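Asks: Prediction below, plus the sequence it came from.
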Amino acid sequence: MLGACPSWCDLALDCKNAFNTVKRGVIYKEVSDNFPELLGLAESSFRHEARLGWQGDDGEFRWVSSAEGAQQGNPLGPFFMAVALQPALQTTLDEHPDVFIMAYLDDLHILGPPDKVRAAYGTIVPLLRAARLELNVPNSTLFCPEGARPALAAGAILPKLARLDDPQVQLLLLRYCAHPRVMHLVRGIPPHLLMRGALAHDNGIQECLQEVAGNPYPLGEEAVALSQLPTRWGGLGLSSAQRLAPAGWLGSWAQVWGKMVVLFPVVRDMLPHLGAPEDTEAGEDPLAAGMAAAMEDVLGWWRLWPTRQKELTNYQHGSDWLHLFDAAKTSVRARLLSLSRDDATAHLNALPNDGGFCMRPDAAVISLCLQLGVSIPLVREVSDVGTGRCACDDVVDGFGYHYLACNRRGMFTYRHDAVQDVLYVMLRKVFNPASTYVEGAARVPLHTAAAVERRKVETYGDVTPHRLVPFAVEVFGGLEAQAKQLLRDCERRRQDRLGPELPSATWSTPTFTSYWGQRIVVTLHGAQGFGLHGRALEDYPR
């Protein structure tokens, strides 16, 4: 509808706690007037006040009486919610015939010319209040294709993020709050209508990321492409709205196509026009033609596949990773392979707290720069305007790679001791008491860690009756096979449940594996970031 009328707008309204607050008097009246045969069921549902309970942080249960609302869990709850809303919707339509109203329970959409939508909004709000329904303003949005409103949604929060002084918090809010504000729109808006707003959104996200990294220069194409990959591919999860718009749009249609053509057979005639501007003929728009061909191909075997949209975006991300890897030089390929291990970027999900998931701000910035392959601010100063050399007299590069590998500066020992301390704590909680090269890395994942693991075995030899477990971790967080096996053994012993760790656990660490996997990688990145910062200060004191 917005594709046919791009000057129109869509006002999406959401009501606060609608099921529990809608006025039962309105429900009784509407059921009595329109569905008298169900009045007895309504009265039996609401004759007695229900008790709603919840458990507080102190473990005590608390109870309140439920005297209003349709009550979630009642099989007729959605029906009661719908009949209570109907008078407000019908009255608004009668008074404003130039708008369209679509509603699914308490999720309402008013579409039409902006001035007409605004007038309809003024009418529907008091009508909703009469049914004891209040709007949830933060969750209500306005979208107009011609105005590129999606860019404004994320744009409002980005300047505030840039003012925070904790890079860990900035990245989490950027990924989970600012980034999704526009990304969800790619599923329901034709790409040609979204592209201008999507480009502005992507640029805003990258500018904010640049500030978090402390880099005065725009991030390079390689760093931007990596940041837009999912964390499991070694990225930051800041997907490009512009890049994924076609896949999201096609995936949404594929998700519902089988049912849509049954309910509305005329939809099949729309296939050649999907995603195309209104003034183009069928088959003229390359994107629409490609989407139509793809849709015809997938209609048969995708009917049984419930994750079509996710799979399409995965294909897009996989293609982007392969393109990035193919165009990269050898040292960058080694970094990409190491980052793409399933545990290497666990620190990006860590919620900073005193339980071992915090990194110092300077260490968090250095960790981010190392992951993206961009120069580290303080190290760049050593390289450009400081001595330019390490204490070992080798040249210092602005990316921190020399400091990471320099044996004279003790970086290996610093990382080793930090990770060892975490392992000791973990093993004490499981077993009480606790028992005490670039070319290859560019072709084989964990090539370096595997070599270290072999050397450890050769060094210690047979330690029977004890068990030797070389716990090898790469610079970017990837765990070698025996390290992962040790975590799996501890996981089985604890049945992947948290025990003493519960006080410091968060929603991103609900299991033993996620808790300790995340904590080990956070410790690694925090230690090497802190150590690298200290070495740079020694060579270029501020």
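Replies: Thanks, I have it. Residues are numbered from 1 along each chain as shown.
Asks: buried set for the longest helix that the chain contains?
Replies: Longest helix of the chain, by residue count under DSSP state H: helix 512-539. Applying a neighbour-count criterion of 16 or more other Cβ atoms under 10 Å, one finds 512-536, 539 buried in helix 512-539. C-beta: built from backbone N, CA, C; applies to glycine.
Asks: go on, stretch 58-65?
Replies: Across stretch 58-65, burial judged by 16+ other Cβ under 10 Å covers no residue at all.
Asks: now what about that stretch, what contacts it?
Replies: Stretch 58-65 is contacted from outside by 49-56, using Cβ atoms under 8 Å, 6 or more residues apart in numbering.
Asks: Return the subset of those lying in strands.
Replies: Among the contacts of stretch 58-65, the residues falling in strands (DSSP state E) are 50-55.
Asks: For the closest residue to residue 356 other than its chain neighbours, list the residues it contacts.
Replies: Nearest non-adjacent residue to residue 356, counting by Cβ to Cβ, 6 or more residues apart in numbering: residue 519, 4.9 Å away. Shown in contact with residue 519 (Cβ under 8 Å, 6+ apart): 350, 355-357, 422, 426, 509.
Asks: Which member of these is positioned nearest residue 468?
Replies: Closest approach to residue 468 among these (Cβ to Cβ): residue 426, at 17.4 Å.
Asks: mind checking how far the closest one is from residue 236?
Replies: Using Cβ to Cβ, to the nearest Å, one gets 27 Å for the distance from residue 426 to residue 236.
Asks: Residue 388 now?
Replies: Distance of residue 388 to residue 236, computed by Cβ to Cβ: 31 Å.
Asks: When the two are compared, which one has more neighbours?
Replies: Legend: neighbour count by other Cβ atoms under 10 Å for residue 388 and residue 236, higher for residue 236 (24 against 13).
Asks: Count residues in the vicinity of the closest residue to that one other than its chain neighbours, would you?
Replies: The spatial neighbour of residue 236 that comes closest, neighbours along the chain excluded (Cβ to Cβ, 6+ apart), is residue 227 at 4.4 Å. Other residues lying near residue 227 total 23 when counted by other Cβ under 10 Å.
Asks: With only the CA atoms kept, save stretch 335-344 in CSV.
Replies: In CSV, the C-alpha atoms belonging to stretch 335-344 read as follows (Å, rounded to 0.1, in the frame of the first residue of the first chain):
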residue,chain,number,x,y,z
ARG,A,335,42.8,-12.9,11.6
LEU,A,336,39.5,-13.7,9.8
LEU,A,337,39.9,-17.5,10.3
SER,A,338,40.8,-17.0,14.0
LEU,A,339,37.8,-14.6,14.5
SER,A,340,35.3,-16.9,12.8
ARG,A,341,35.7,-19.6,15.5
ASP,A,342,32.4,-20.1,17.4
ASP,A,343,34.0,-19.0,20.7
ALA,A,344,36.3,-16.2,19.5
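Asks: Would you reformat the ones in strands among the contacts of stretch 58-65 as CSV and include distance to residue 34?
Replies: Formatted as CSV, the ones in strands among the contacts of stretch 58-65 follow (distance: Cβ to Cβ, whole Å):
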residue, distance to residue 34
50, 25
51, 30
52, 29
53, 34
54, 35
55, 40
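Asks: Return the closest of these with respect to residue 251.
Replies: The closest of the ones in strands among the contacts of stretch 58-65, once distances to residue 251 are taken by Cβ to Cβ, is residue 54, at 36.9 Å.
Asks: secondary structure class for the residue nearest to that closest one when sequence neighbours are not counted?
Replies: Of all residues not flanking residue 54 in the chain, residue 62 sits nearest, at 6.1 Å (Cβ to Cβ, 6+ apart). With DSSP: H, G, I helix; E, B strand; the rest coil as the basis, residue 62 sits in strand.
Asks: Show the pLDDT at residue 466.
Replies: In the predicted model, residue 466 carries a pLDDT score of 65.
Asks: which stretches of the stretch 51-200 of the chain form strands?
Replies: Remark: strands assigned in the stretch 51-200 of the chain by DSSP state E, counting those that start in this stretch are 61-66, 100-104, 107-112, 141-143.
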